[in-house]
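**Student:** sequence and predicted structure below; questions after.
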Amino acid sequence: MMEGFSGTLRLTDLNDFIAPTQECIKPVKIERAGGKAGSIKITSTGEYTEVDAEGTETKLAKAEITLNDCLACSGCVTSAETVLIQQQSTDELIRILDQNAQVPVQEKKFIVLSVSDQSLASIATRYGLSMRECQQRLTGLFKSMGVHKVFDLGVASALSLLESREEFLERMANREIKGALPMFASACPGWICYAEKTHGSFILPFISSTKSPQQIMGSLVKHYLSTHSNKTPNEVFHVSLMMCYDKKLEASRDDFYDDVYRTRDVDLVITSVEVEKMLEKRLVDLRECTLENVDVLPNFEQYSGHYGSGAGGYLESIFRYAAQQLFHKDVDRVEYKTVRNQDLREVTLEIDGQPKLRFAAAYGFRNIQNIVQKMKRGKCPYDFVEIMACPSACLNGGGQIRAPDTEVTKDWLDKVQTRFLEYENQDLLKPAASVDAFDLWLEGKNSPKRKEFLHTQYHSLENNTFNLNIKW
């Protein structure tokens, strides 16, 4: 299962990747009264007690190790994370759908599927369909299986880009503050996981706090759509079809868990290749599935297509917006300069021969390492970096359908890229009634509600485990 993760996770120090049969020791914080050490005693009933210097015994609570404890290790990919991937599968989706069909009406879940454009491009290429037809046939397929609503991520992607643009302007206005610039894109969970576990507190302040499109869609489905459907968030089961196994880890973060309703914003993540395998297992030809139009969120306009590159368009969107807002310069076409390889490119805005903005796109582990090392030496020249864990970015994600044996990988990826660009819609970020409706629901630009639904936080997980060889 390891090959499903992005290269950034697989190539780093897997110091906690253990087989299920090996011992796992959870670090425990021991409080000592007055700073004095005590001892542990096993009573005749098998209970553990702590005995202090005065001989007073205190019963110790049993240690509990959860999946979240394992996910919070110092390494990049743990055995618990591969277990998580196995739990989040099309088999689990089918189980949920079958179970939902058998329970009484009052107990049924309202099942929603969100589909990424990168996955659409991969599946469309596999079955020789256009992006539009692929979207319609996937919608028909999943609705025939019991899914109630199928959405694309157009609205969520637009909101993520809009919020990222404003965040960048705020950071530019406060550029003298430590941790403001450069701003790093945050939509790639492989990069976030690597940053938290490897570079932690040093790098995290520079990462954009804006949620990824998957998680913004999670907020829309669980808190916006549910309201308009007379449902509570826990009555809605949200599935996302993504290009990347790392997205399963993103959905499992505690930051995206609602303690009140005890539900996650995204309950289950499946990938493009898993859908392909599901179709093969069920002997279903996607080209023969019923055509149905994708659903539209209440009071929202339909966004057809995406904006910019397979990485989500963060660099181009923010660059154009910042050039216009800060320097009154309209950029018709973003000109890239290749630095070391095709996955490390720069974009510069010059006015009167002077550089005013300098952006970069860095994809893949070696380029991420290069950027981080520049940061540590204090020599990173960029204002913004669009960082993605996979070479060639999200269209080449670990969850995408791979080239058949008869085809060269690069040629296959070019076909996926071609289909993706055919679906591009440069009008995606123009002011629309739907964005206004969402702003109204969020209760203003600086409201707590906006921060909750559009922003997140990160957690340093460096060196928080201990190699204790303790046996009782």
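**Tutor:** Great, that's in hand.

**Student:** for this protein, which helix is longest?
**Tutor:** Longest helix in the chain by number of residues (criterion: DSSP state H): helix 154-173.

**Student:** what comes up buried for it?
**Tutor:** Within helix 154-173, the residues that qualify as buried are 154-165, 167-168, 171-172, counting by 16 or more other C-beta atoms under 10 Å. (Each C-beta comes from the backbone N, C-alpha and C, glycine too.)

**Student:** just checking, next helix/strand downstream of it?
**Tutor:** Following helix 154-173 in sequence order, the next helix or strand is strand 183-184 (DSSP states H and E).

**Student:** packing partners for the longest helix of the chain?
**Tutor:** Applying 3 or more C-beta pairs under 8 Å, 6 or more residues apart in numbering; DSSP states H and E, we find helix 154-173 packed against strand 183-184, helix 213-219, helix 314-327, helix 433-441, helix 448-454.

**Student:** just the CA atoms of that helix, as PDB, please.
**Tutor:** The C-alpha coordinates for helix 154-173 follow below in PDB (Å, rounded to 0.1, in the frame of the first residue of the first chain):
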ATOM      1  CA  GLY A 154     -15.500  24.200  -8.700                       C
ATOM      2  CA  VAL A 155     -17.100  26.300  -6.000                       C
ATOM      3  CA  ALA A 156     -14.700  25.100  -3.300                       C
ATOM      4  CA  SER A 157     -11.700  25.600  -5.500                       C
ATOM      5  CA  ALA A 158     -12.800  29.200  -6.300                       C
ATOM      6  CA  LEU A 159     -13.300  30.000  -2.600                       C
ATOM      7  CA  SER A 160      -9.900  28.500  -1.800                       C
ATOM      8  CA  LEU A 161      -8.200  30.700  -4.400                       C
ATOM      9  CA  LEU A 162     -10.200  33.800  -3.400                       C
ATOM     10  CA  GLU A 163      -9.200  33.400   0.200                       C
ATOM     11  CA  SER A 164      -5.600  32.600  -0.600                       C
ATOM     12  CA  ARG A 165      -5.300  35.800  -2.600                       C
ATOM     13  CA  GLU A 166      -6.500  37.900   0.300                       C
ATOM     14  CA  GLU A 167      -4.300  36.000   2.700                       C
ATOM     15  CA  PHE A 168      -1.300  36.800   0.500                       C
ATOM     16  CA  LEU A 169      -2.100  40.500   0.400                       C
ATOM     17  CA  GLU A 170      -2.300  40.500   4.200                       C
ATOM     18  CA  ARG A 171       1.100  38.800   4.400                       C
ATOM     19  CA  MET A 172       2.600  41.300   2.000                       C
ATOM     20  CA  ALA A 173       1.300  44.200   4.100                       C
END
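
**Student:** that one: how far from the chain's middle?
**Tutor:** Distance of helix 154-173 from its chain centroid, counting by C-alpha atoms, centre = their mean, to the nearest Å, is 16 Å.

**Student:** check stretch 206-213 too.
**Tutor:** Stretch 206-213 sits 10 Å away from the centroid of its parent chain (C-alpha atoms, centre = their mean).

**Student:** tell me how far the ends of it are from each other?
**Tutor:** Terminal residues of stretch 206-213 are spaced 19 Å apart (C-alpha to C-alpha, to the nearest Å).

**Student:** could I get the average pLDDT for the helix or strand encompassing Cys134?
**Tutor:** Per DSSP H and E, Cys134 falls inside helix 131-145. The pLDDT scores in helix 131-145 average 96.

**Student:** from here on, call the first residue 58.
**Tutor:** All right, first residue 58 from here; so that's helix 188-202.

**Student:** now the element after it, going C-ward?
**Tutor:** strand 206-209.

**Student:** list the contacts for the residue lying closest to Gln271 once chain neighbours are set aside?
**Tutor:** Leaving aside its chain neighbours, Gln271 sits nearest to Ser297 (5.4 Å; criterion: C-beta to C-beta, 6 or more residues apart in numbering). Residues counted as contacts of Ser297 (C-beta atoms under 8 Å, 6 or more residues apart in numbering) are 170-173, 271, 274-275, 304, 308, 323, 325-327.

**Student:** ok, now with 7 Å
**Tutor:** Neighbouring residues of Ser297 by C-beta atoms under 7 Å, 6 or more residues apart in numbering: Ser171, Gln271, Met274, Lys304, Val323, Val326.

**Student:** any idea how far Leu195 is from Arg183?
**Tutor:** According to C-beta to C-beta, to the nearest Å, Arg183 and Leu195 sit 12 Å apart.

**Student:** the more surrounded of those two?
**Tutor:** Regarding Arg183 and Leu195, a neighbour count based on other C-beta atoms under 10 Å identifies Leu195 as having more, with 26 against 23.

**Student:** what's the local residue count around Asp468?
**Tutor:** 9.

**Student:** cool, and the one 4 residues further on?
**Tutor:** Taking other C-beta under 10 Å as the neighbour definition, Lys472 ends up with a count of 18.

**Student:** elements contacting the host helix or strand of it?
**Tutor:** Assigned by DSSP H and E, Lys472 belongs to helix 466-479. Where contact means 3 or more C-beta pairs under 7 Å, 6 or more residues apart in numbering; DSSP states H and E, helix 466-479 is packed against helix 174-184.
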